[in-house]
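Novice: requesting a structural model of the entry that follows:
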Amino acid sequence: MGFIGAESTFEEADVVVFGAPYDSTTSFRPGTRFGPSAVRTESFGIETYSPYQDRDLADDARVCDAGDLELPFGAPDRALEMIEAKADEILAAGKRPFLVGGEHLVTLGAVRAAARRHPGLRIIHFDAHADLREDYLGVKLSHACVMRRCHDLLGDGRIWQFGIRSGTRDEFAFMKAGHVVTEPFTINTLRSLSFPEGAPVYLTVDLDVLDPSEFPGTGTQEAGGVRFAELLDALRWILGRFNVVAMDNVELSPALDPSGRSTALACKLMREELLAWRP
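Specialist: Residues are numbered from 1 along each chain as shown. Predicted coordinates:
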């Protein structure tokens, strides 16, 4: 079962969705490995039509759902290699990968592929957490370190973070030193963001950027987040303005929200992103 409306073949598609059901480095409550399958199944509770955009996934977008990777738990290096290879396959075919996590570490694999195919890559990052630790309990490949590893790859001035409201003193010092550009707590400065025309962008959305009153189904909740309407508006603006070459949504842990509202929100957000992400 694929995501609703994602019925194009690989050859026909502009965007290819694939899942990375991985949560072996989750630092608090696990369960994000079940995010990709939950989003697919529960997407049939929403319509393919978006009243926000007057567009329909069945008619106005060409999306292929390539299914989930079968990733080896306990082996982050190998899992990242497999994610990178899949993202690279999609990019090499002239299409755009949409990665569904899974914990946030999975982003690193797709970023590696995008950076190789698109020199000068920038990252726009929505999250509650900075994810800029040098290591977590001595381990450098952790969801708590994913943006630091992306920085290792891209260098200074290539990562813009929004909604960050949690991190260590060292992480905030790293931000203040100018290695990354961060707007703590809110996303109000987003529309001042500008890049050279055509500059490639990777968009990563850790869904815990949302307030847990709206999105409790995530492993490390942080009070004080943005609202769904704010995030939706921001993502539509980015996808309509910048050259987003790849993106992801991560950190849905469906079993942590028995009400199902977190999964329903993730489905609706994904529909809107797919429709806003035009060639």
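
Novice: now the helices for the chain?
Specialist: 35-42, 57-60, 76-92, 106-117, 146-154, 169-176, 228-241, 261-276 (DSSP state H).

Novice: what's the offset of the third one from the middle of its chain?
Specialist: Relative to the chain's own centre, helix 76-92 is displaced by 15 Å; criterion: CA atoms, centre = their mean, to the nearest Å.

Novice: in it, what counts as buried?
Specialist: 76, 79-80, 82-84, 86-91 (16 or more other CB atoms under 10 Å). Backbone N, C-alpha and C define where each C-beta goes, glycine included.

Novice: again, but for stretch 241-256
Specialist: 242, 244-254, 256.

Novice: restricting to C-alpha, output it in PDB.
Specialist: What follows is stretch 241-256 as a C-alpha-only set of coordinates in PDB (Å, rounded to 0.1, in the frame of the first residue of the first chain):
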ATOM      1  CA  ARG A 241      10.300  29.800  -3.700                       C
ATOM      2  CA  PHE A 242      13.500  27.800  -3.600                       C
ATOM      3  CA  ASN A 243      15.100  25.000  -5.600                       C
ATOM      4  CA  VAL A 244      14.400  22.200  -3.200                       C
ATOM      5  CA  VAL A 245      16.200  19.200  -4.700                       C
ATOM      6  CA  ALA A 246      15.300  16.700  -1.900                       C
ATOM      7  CA  MET A 247      13.500  16.600   1.400                       C
ATOM      8  CA  ASP A 248      12.300  14.600   4.300                       C
ATOM      9  CA  ASN A 249       9.800  14.300   7.100                       C
ATOM     10  CA  VAL A 250      11.100  12.400  10.200                       C
ATOM     11  CA  GLU A 251      10.400  11.500  13.800                       C
ATOM     12  CA  LEU A 252       6.800  10.400  13.700                       C
ATOM     13  CA  SER A 253       6.400   7.600  16.400                       C
ATOM     14  CA  PRO A 254       2.800   6.500  15.800                       C
ATOM     15  CA  ALA A 255       2.400   4.200  18.800                       C
ATOM     16  CA  LEU A 256       3.200   7.100  21.200                       C
END
